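**Q** Can you look at this prediction? I've put the sequence above it.
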Amino acid sequence: MQTFHNIGLAVAMSSILFASQGFASDYVALPGSNFASVLPAVSNGPKDAALPPAPVVIHAFRLRDEPVTNAEFLAFVTAHPDWRRDRIARVFGEARYLSHWQAADVVGAKAKADQPVTNVSWFAAEAYCESEGARLPTWYEWEYAAAADESRADARGDPEWRNRILGWYATPSNEPLQTVGGAANFYGVRDLHGLVWEWVEDAGSLLIASDSRDQNDPDKLAFCGAGALELKDRDNYAVLMRVALLSSLKAVDTTANLGFRCAKPLDGQVP
Amino acid sequence: MDDSAETKIRMGKSMNRLVLMFVAAIFLGLPGCSSRTPGVGTPAATAETGGSAKGDFGPPQGEPIHAVLSSPPNVPPPIHRDHPAKVIVELSVIEKELPISEGVMYTFWTFGGTVPGSFIRVRQGDTVEFHLRNDPSNKMPHNIDLHGVTGPGGGAASSFTAPGHESQFTFKALNQGLYVYHCATAPVGMHVGNGMYGLILIEPPEGMAPVDHEYYVMQGDFYTTGKYREKGHQPFDMEKAIDERPTYVLFNGAEGALTGDNALSAKTNERVRLFVGNGGPNLVSSFHVIGEIFDRVQQEGGTHPQENVQTTLIPAGGAVTVEFHTEVPGSYILVDHSIFRAFNKGALAILKVSGPEDKSIYSGKEVDSVYLGDRAGADLRAVSTAAEAHASGTLTQADQVAAGKQLFAGTCSVCHQNTGEGIPNVFPPLAKSDFLAADPKRAISILLHGRTGPITVNGKDFNSVMPPMTQLTDDEIANILTYVLNEWGNPGGRIDKADVAKARAESAEPAPAAH
């Protein structure tokens, strides 16, 4: 009950503090918490398989309530032409970067203004977030926000929550993306599931960082069975597939279903 | 430096092995070609291929070759090459919606756009440069684990590929045989369950014996949230997959993929070779072709074929090569002989064999007659004699006993035995039966309605089930019981057809409401 009370307070505060700042998309505050992630917490100590993974400490933060849209990203590249697709350095964005737009400065007919922007590299996403005084959320922050459904902070035990995620996986991606603005979850965040994959700040270090390869269990997600071994709860595979996708990408990569949103610290704190 | 030292040691070892083999060959007088001579007792060792240790035929020769891939049920042409080559394989992963059954759509994840994926054919010793492409419109990252690869993960770790990207890795095909490949991205079961598997054939260096037809068939189990044949788009059901309760078990990824116009075909007097894999993810297949016997079955990459096989087991993630010769025209049904899968979950395919009939091998239907059970004697004349006698009003007890004896052999003796002794503890005796003697007419009701539950006969307790013998006419029941009453020390007497008719009529009356 205590936790719920705090969350309610934080949500109320956030709408007072930030609702009037004039962003096309708002940032909503999420309270800090100890969170049980699908990924075991990183430990530098000796591995003890007998111990359950320690919960992850999430500090209170703010999260964009919707993914960044084509229109928003167009405004960004207009203000920062270095990130136009015809000017970006190839080390910051591969050939498919923004390739679904009609031109470097025109979204065009094949993409809608209020669809989430896709075909963006991690570098471009991070640069966008910096441009609005933010950063990409960490995996744990993203996963924590995405554990909610419309009425509960942690709906992961509900098969219905999982089925909605899986339903998206089973939908062929030959149809145009939906626009942003799905139902708000418990925290007031929209479209975490069912619309696009999203970049996270630490995407490059999820499980298959190149420097971890000489340890005992390299490429954990890359081949057979490892996924199952890593799963704390076998039902969490739906979320783990997001990790798998992010693990397969380099920061320069883009895909047609990959977008992003940004995060900020609570007001008055250093990012 | 460690590597080079190890390489030297390994080279030294294999040199030793070569020398040993050579020496052995000399001592045995090079019997390789005459190994089938009976009585020679050729050691099995000479028939061994040596596996991966002897599968390296040196560096690839000539220009690189682009592998011909084929969609199921077709198989790429045989390789007629006498040297190792560099073979380039380009395989694309495509996520697409396809029918899994009539009016039922499913989002498959495929290698090459089909389930099973494209068939790959190379030669042992070939250096395979593998390109795995993940289509830009795909949502998921994918990779490939080829069971024909020697190396950690079978290529999986080297081929993890994001949508819109391509991975490349190279391996030498050291072991000959038929191998499954599949996606091994987490959750592995879901990727496999969505159709991500196929076969790679690594031909032996001497090639394969020519046949008239080669086909590619692969079994897989599928898990949808809706019931079997429930219409519309059906999503993957992880719960059913974990519980191993498939909605569909299919050959080549769809009901009807290999039936009707899509059936496999051959002519009589031809040799057929099927490359059959099992992608799983869960079930093991009891592969059988109804009406055929496999002349030859090679498990996996086995070089010692089994012969004359009716049903062969294909593990999930395993494969067999089966060969048979066609003699009789008709439709041959390929099934998983875990037979509910065939008739209730879709595991059916058809091979149509056309050509002239050969009645000396299979006659077709010759006689359609009433079957009276395997104990029925050839001589049922007594039964018809009794029937005629009854009709003319001259039926004697002797006629009834004679007819009843024949009928008893056909219907009753399976349980009660020809001696009337029954089977101890299971089926009660009719011989010298106190139960029968106590009330002979009660037996009519037992034949008409059967009897279930405890019963004591001659001091022994029994508790089993006798089904009602409703197929017997009044006439037949009367004859059987008359026979029984006059055999094996029973009290004698006679049951008349009218008694049976009366009992039957009584039992047909409405049951008391209280029942």
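**A** Alright, I've got the coordinates.
**Q** Export only the CA atoms of the helix or strand encompassing A:E72, formatted as PDB.
**A** Element membership for A:E72 (DSSP states H and E) is helix A:70-79. What follows is helix A:70-79, C-alpha atoms only, in PDB (Å, rounded to 0.1, in the frame of the first residue of the first chain):
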ATOM      1  CA  ASN A  70       8.600  11.300 -37.500                       C
ATOM      2  CA  ALA A  71       7.400  14.900 -37.100                       C
ATOM      3  CA  GLU A  72       9.500  15.400 -34.000                       C
ATOM      4  CA  PHE A  73      12.500  13.900 -35.500                       C
ATOM      5  CA  LEU A  74      12.100  16.000 -38.700                       C
ATOM      6  CA  ALA A  75      12.200  19.100 -36.400                       C
ATOM      7  CA  PHE A  76      15.300  17.700 -34.900                       C
ATOM      8  CA  VAL A  77      17.200  17.200 -38.200                       C
ATOM      9  CA  THR A  78      16.000  20.600 -39.400                       C
ATOM     10  CA  ALA A  79      17.600  22.200 -36.300                       C
END
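**Q** and B:V289, what are its phi and psi?
**A** Backbone torsions of B:V289, given as degrees, to the nearest 10, read phi -110, psi 120.
**Q** so how far is chain A from B:D336?
**A** With distances taken as CB to the nearest CB, to the nearest Å, B:D336 is found 25 Å from chain A. All C-beta atoms are positioned from the backbone trio N, CA, C, and that covers glycine.
**Q** Tell me the bridge partners for that residue.
**A** B:F287 (DSSP bridges).
**Q** quick one, what contacts it?
**A** Listed by CB atoms under 8 Å, 6 or more residues apart in numbering or on different chains, the contact partners of B:D336 are B:Q219, B:V249, B:L283, B:S285, B:S286, B:F287, B:H288, B:A342, B:A347.
**Q** now do 6 Å
**A** By CB atoms under 6 Å, 6 or more residues apart in numbering or on different chains, B:D336 lies in contact with B:V249, B:S285, B:S286, B:A342, B:A347.
**Q** now, which of those sits nearest chain A?
**A** B:V249 (19.8 Å; CB to the nearest CB).
**Q** Below-threshold pLDDT in chain A: ranges please.
**A** A:1-25, A:40-54, A:207-235, A:268-271 (pLDDT under 70).
**Q** That one: strands as residue ranges?
**A** A:27-30, A:33-35, A:56-58, A:61-64, A:197-198, A:258-259, A:263-265 (DSSP state E).
**Q** per-residue confidence for the residue of the stretch 201-350 of chain B found nearest chain A?
**A** Here the stretch 201-350 of chain B gets closest to chain A at one residue, B:P235, 4.0 Å apart by CB to the nearest CB. As predicted, B:P235 sits at a pLDDT of 90.
**Q** and the residue lying closest to it once chain neighbours are set aside, what is it in contact with?
**A** Distance criterion CB to CB, 6 or more residues apart in numbering or on different chains; nearest residue to B:P235, sequence neighbours excluded, is A:A170 at 4.0 Å. Shown in contact with A:A170 (CB under 6 Å, 6+ apart): B:T107, B:P235, B:F236.
**Q** A:T69 contacts A:A111, doesn't it?
**A** No: using CB atoms under 6 Å, A:T69 is not in contact with A:A111; the gap is 9.7 Å.
**Q** beta partners of the residue nearest to B:T259 when sequence neighbours are not counted?
**A** Nearest residue to B:T259, sequence neighbours excluded (CB to CB, 6+ apart): B:I350, at 4.9 Å. Counting by DSSP bridges, B:I350 is bridged to B:I333.
**Q** Spit out the contact partners of B:I350.
**A** Taking CB under 6 Å, 6+ apart as the test, what B:I350 contacts is B:T259, B:A263, B:S331, B:I333.
**Q** Next: B:F275.
**A** Contacts of B:F275 by CB under 6 Å, 6+ apart are B:L178, B:L199, B:Y216, B:T321.
**Q** would you say it is within a strand?
**A** Yes: assessed with DSSP: H, G, I helix; E, B strand; the rest coil, B:F275 lies in a strand.
**Q** quick one on the thing from earlier: so which of the contacts of B:D336 belong to helices?
**A** Using DSSP state H, the members of the contacts of B:D336 that fall within helices are B:A342.
**Q** TSV for the contacts of B:D336, including distance to A:A184, pLDDT and neighbour count?
**A** Shown next, in TSV, are those (distance: CB to CB, whole Å; pLDDT from 0 to 100; neighbours: other CB atoms under 10 Å in any protein chain shown):
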residue	distance to A:A184	pLDDT	neighbour count
B:V249	43	97	24
B:S285	49	97	30
B:S286	53	97	17
B:A342	50	90	21
B:A347	46	93	28
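**Q** Report the beta-bridge partners for B:F169.
**A** B:F130.
**Q** And it, how far from B:G125?
**A** According to CB to CB, to the nearest Å, B:F169 stands 18 Å off from B:G125.
**Q** Over to B:R133?
**A** 26 Å.
**Q** Please identify which of these two sits among more neighbours.
**A** For B:R133 versus B:G125, neighbours defined as other CB atoms under 10 Å in any protein chain shown are more numerous around B:G125 (24 against 19).
**Q** So the more buried one: helix, strand or coil?
**A** Strictly by three-state DSSP, B:G125 counts as coil.
**Q** in the stretch 401-515 of chain B, which spans are strands?
**A** B:451-457, B:460-466 (DSSP state E, counting those that start in this stretch).
**Q** possible to save these as TSV with distance to B:K96, mean pLDDT and mean neighbour count?
**A** Shown next, in TSV, are those (distance: least, CB to CB, whole Å; pLDDT from 0 to 100; neighbours: other CB atoms under 10 Å in any protein chain shown):
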stretch	distance to B:K96	mean pLDDT	mean neighbour count
strand B:451-457	56	88	13
strand B:460-466	54	85	13
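**Q** out of the ones you listed, nearest to A:S99?
**A** strand B:460-466 (73.7 Å; CB to CB).
**Q** chain center to the closest one: distance?
**A** What separates the centre of strand B:460-466 from the centre of its chain is 37 Å, taken as CA atoms, centre = their mean, to the nearest Å.
**Q** Who does that strand pair with, and is each partner parallel or antiparallel?
**A** strand B:451-457 (antiparallel).
**Q** tell me how far the strand it pairs with is from the chain's mean position?
**A** 41 Å.
**Q** For that strand, list the C-alpha coordinates in CSV.
**A** The C-alpha coordinates for strand B:451-457 follow below in CSV (Å, rounded to 0.1, in the frame of the first residue of the first chain):
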residue,chain,number,x,y,z
ARG,B,451,-22.8,-58.7,-18.1
THR,B,452,-20.5,-56.5,-16.1
GLY,B,453,-19.3,-56.8,-12.5
PRO,B,454,-18.6,-59.4,-9.8
ILE,B,455,-19.9,-63.0,-10.4
THR,B,456,-19.1,-66.2,-8.7
VAL,B,457,-18.9,-69.4,-10.8
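**Q** and for that strand, what are the contacting residues?
**A** B:P428, B:S433, B:F435, B:F462, B:N463, B:V465, B:M466.
**Q** one more time with 10 Å
**A** B:422, B:427-430, B:432-436, B:442-443, B:445-446, B:461-468 (CB atoms under 10 Å, 6 or more residues apart in numbering or on different chains).
**Q** Type out the ChimeraX command that picks the buried ones from these.
**A** A single ChimeraX command selects the buried members of those (16 or more other CB atoms under 10 Å in any protein chain shown):
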select /B:422,427,428,429,430,432,433,435,436,443,445,446,462,466
